[in-house]
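# Take this sequence and fold it.
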Amino acid sequence: MKLLHTADLHIGKRVNEFSMLDDQEYILLDILRIIDETKPEGILLAGDIYDKSVPPGEAVDVLDEFLTGLVERRLQVFVVSGNHDSPERLNFGSRILQKAGLHIAGTFDGKLKKITLNDAYGPVHIYLLPFIKPAQVQAYYPEESIASYTKAVQTVLDQAQIDTQERNVLVCHQFITSGTEQPERSESETVALGGLDNVDAAVFTAFDYVALGHLHGPQRIGAETIRYSGSPLKYSFSEARQHKSLTLLELHEKGTVSIEKIPLQARRDLREIKGPLAELLSIGDTESNSSEDYIRAILTDDNEIYDAIGQLRQVYPNVMRLDFENSRNRQTADSRTAASGDITRVMPLELFKEFYAKQNNSEMTEEQQAIMNRIIEQAGGARQ
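Residues are numbered from 1 along each chain as shown. Okay, here's the model as predicted:
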């Protein structure tokens, strides 16, 4: 039995105020193309379907189009809610949709949702666990002491009484660790301070495959069969070097699972470029195929540049972020300024002189100091 695994669609997401809806429509169509080529029996969508708990109408339309395409291909579709989703909204109409092969576990009702498929080797049990917190599980199992995320997930799995002699797949949206092994994270993910929301991979021993969502980089954690598919698109510049993909798993007899990563090609890449402005503009003029990419530009020029973002956008229209890295803004970690002490005892001009020197790597001229003194005096400050 073939199953396709993906997660973290984040439909409706904005990155640096750029809407990603067009790119999301494009990549979802590409996923449908891959489905037509690989012909899986089902698809596992492991949470964060939407980017916000109240998604905009356009995002709902994009998901509706995608799910309609899946159902038209007679796939069994398995969906859990993630921490970005509204469980109740995602769950709406789920009992009706189940008749069309669309199985949704949006809200947590105290137990795992189980759907059984069959192939030549017998039954495959697919369990759906939406994103949960310890307090949610505690409400259903008051006799248990559930103080951690690991205990919460373990309690739910124990209550399911899973038959380990048969083939079992779990779709889950949590932050998974394995002992001291930590997964790769990115800036666009929500992880609790200190990793307090982690679930140890040891709780998943009953499963032949665990389809995870929550982290955006495709990776295994604890075992080859416990995997994050990663998001289909890059949603932060910390993901710029990631290679996005779908995970295709094929279940054979009990204990035998083959796993393949299928590359995804976005409509626009999200990447970083670095160097002097003139060099970046020259390179961009020759890269017609990638000039539409989403760009973080890091300029290394020491001189002042007029309208750097405007010049860049003539070549890279989708510049999302502009940073500078040059001798003017490099600061030593052990530098100490007048502001490190009691600033109420420091004259305003002295503070500004230090600020100017740090920003420009040069001292103010006497003329500049005189101009600043007049500004301070006009603002009602004390002259030096």
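# Where does the prediction get shaky in this protein?
Along the chain, segments meeting pLDDT under 70 span 188-196, 288, 328-346, 358-359, 361, 381-384.
# the domain parsing of it - what is it?
Recorded structural domains for the chain (assignment: automatic domain parsing) are 2-263, 270-324, 338-378.
# Would you mind putting those into a markdown table with mean neighbour count alongside?
For the C-beta atoms, the positions are set from N, CA and C on the backbone; glycine is no exception. A markdown table is the format used below for the domains of the chain (neighbours: other C-beta atoms under 10 Å):
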| stretch | mean neighbour count |
| --- | --- |
| domain 2-263 | 18 |
| domain 270-324 | 15 |
| domain 338-378 | 13 |
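# Spit out the contact partners of residue 39.
Neighbouring residues of residue 39 by C-beta atoms under 8 Å, 6 or more residues apart in numbering: residue 2.
# So it versus residue 248, what's the distance?
10 Å (C-beta to C-beta, to the nearest Å).
# Need the residues touching each of the two.
What both residue 39 and residue 248 touch, as defined by C-beta under 8 Å, 6+ apart, is the set residue 2.
# partners of the residue lying closest to residue 261 once chain neighbours are set aside in the sheet?
Ranked by C-beta to C-beta, 6 or more residues apart in numbering and with sequence neighbours excluded, the top spatial neighbour of residue 261 is residue 245, at 4.3 Å. Per DSSP bridges, residues listed as beta-bridge partners of residue 245: residue 263.
# Is residue 245 in contact with residue 219, as I believe?
No - with contacts counted by C-beta atoms under 8 Å, residue 245 stays clear of residue 219, the gap being 10.7 Å.
# which residues do those two both contact?
residue 230.
# pretty sure residue 32 contacts residue 75?
No - with contacts defined as C-beta under 8 Å, residue 32 does not count as touching residue 75, sitting 9.9 Å away.
# Now residue 145. Its backbone dihedrals?
phi -100, psi 100 (degrees, to the nearest 10).
# for the one 3 residues further on, same thing?
For residue 148, the backbone dihedrals are phi -140, psi 160 (criterion: degrees, to the nearest 10).
# so what's it closest to, chain neighbours aside?
residue 134 (6.3 Å).
# Also residue 309?
Nearest to residue 309 is residue 322, by C-beta to C-beta, 6+ apart, at 5.2 Å.
# what element comes up after the biggest helix by length in the chain heading to the C-terminus?
If you go by DSSP state H, the chain has its longest helix at helix 21-38. As assigned by DSSP states H and E, the chain's next helix or strand after helix 21-38 is strand 42-46.
# Name the residues that touch whatever helix or strand comes next after that next one?
With elements assigned by DSSP H and E, the helix or strand that comes after strand 42-46 is helix 57-72. With C-beta under 8 Å, 6+ apart as the test, helix 57-72 has contacts from 9, 11-12, 21, 24-25, 28, 31-32, 35, 43, 49-51, 55, 77, 100-102.
# what's the answer for stretch 371-384, then?
Residues contacting stretch 371-384 (C-beta under 8 Å, 6+ apart): 347, 348, 349, 350, 352, 364.
# how close does the second one sit to residue 379?
Residue 348 is 9 Å from residue 379, where distance means C-beta to C-beta.
# same deal with the third one?
Distance check for residue 349 against residue 379: by C-beta to C-beta, it reads 12 Å.
# so which helix or strand takes in residue 139?
Element membership for residue 139, per DSSP H and E: helix 134-140.
# related to what we said a few turns ago, list the residues that contact the residue nearest to residue 261.
218, 229, 230, 261, 262, 263, 264.
# one more time with 10 Å, if that's ok
Applying C-beta atoms under 10 Å, 6 or more residues apart in numbering, we find residue 245 in contact with 6, 218, 229, 230, 232, 260, 261, 262, 263, 264.
# Mind putting those into CSV with distance to residue 115?
Putting the contacts of residue 245 into CSV (distance: C-beta to C-beta, whole Å) gives the following:
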residue, distance to residue 115
6, 18
218, 25
229, 19
230, 24
232, 24
260, 23
261, 25
262, 24
263, 29
264, 26
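# and residue 212, backbone torsions?
phi -100, psi 150.
# about what we covered before: outside of the helix holding residue 139, which residues touch it?
Residues contacting helix 134-140 (C-beta under 10 Å, 6+ apart): 87, 107-111, 130, 144-156, 159, 197.
# from those, which ones fall inside helices?
87, 149, 150, 151, 152, 153, 154, 155, 156, 159.
# Rebuild those as TSV, extending it with distance to residue 313.
Converted to TSV, the ones in helices among the contacts of helix 134-140 look like this (distance: C-beta to C-beta, whole Å):
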residue	distance to residue 313
87	40
149	44
150	48
151	51
152	48
153	47
154	52
155	53
156	50
159	56
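# which one of these sits closest to residue 300?
Sorting those by distance to residue 300 puts residue 149 at the head of the list, at 43.5 Å, by C-beta to C-beta.
# That closest one and residue 91: what is the separation?
Residue 149 is 22 Å from residue 91, by C-beta to C-beta.
# got it, and residue 119?
Counting by C-beta to C-beta, the gap from residue 119 to residue 91 is 28 Å.
# Pull the distance from stretch 255-273 to the chain's centre.
Remark: stretch 255-273 is offset 14 Å from the chain centroid, using C-alpha atoms, centre = their mean, to the nearest Å.
# can you give me the end-to-end distance of that stretch?
45 Å (C-alpha to C-alpha, to the nearest Å).
# returning to that earlier point: extract the CA atoms of the longest helix of the chain and return them as PDB.
C-alpha atoms of helix 21-38 as PDB (Å, rounded to 0.1, in the frame of the first residue of the first chain):
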ATOM      1  CA  LEU A  21      -1.400  32.000  -1.900                       C
ATOM      2  CA  ASP A  22      -0.400  32.000  -5.500                       C
ATOM      3  CA  ASP A  23       2.700  29.900  -4.600                       C
ATOM      4  CA  GLN A  24       0.600  27.600  -2.500                       C
ATOM      5  CA  GLU A  25      -1.900  27.000  -5.300                       C
ATOM      6  CA  TYR A  26       1.000  26.200  -7.600                       C
ATOM      7  CA  ILE A  27       2.600  23.700  -5.300                       C
ATOM      8  CA  LEU A  28      -0.700  22.000  -4.500                       C
ATOM      9  CA  LEU A  29      -1.300  21.500  -8.200                       C
ATOM     10  CA  ASP A  30       2.200  20.000  -8.400                       C
ATOM     11  CA  ILE A  31       1.300  17.600  -5.500                       C
ATOM     12  CA  LEU A  32      -1.800  16.500  -7.500                       C
ATOM     13  CA  ARG A  33       0.500  15.900 -10.500                       C
ATOM     14  CA  ILE A  34       2.800  13.700  -8.400                       C
ATOM     15  CA  ILE A  35      -0.200  11.800  -7.100                       C
ATOM     16  CA  ASP A  36      -1.200  11.100 -10.700                       C
ATOM     17  CA  GLU A  37       2.300   9.700 -11.400                       C
ATOM     18  CA  THR A  38       2.800   7.700  -8.200                       C
END
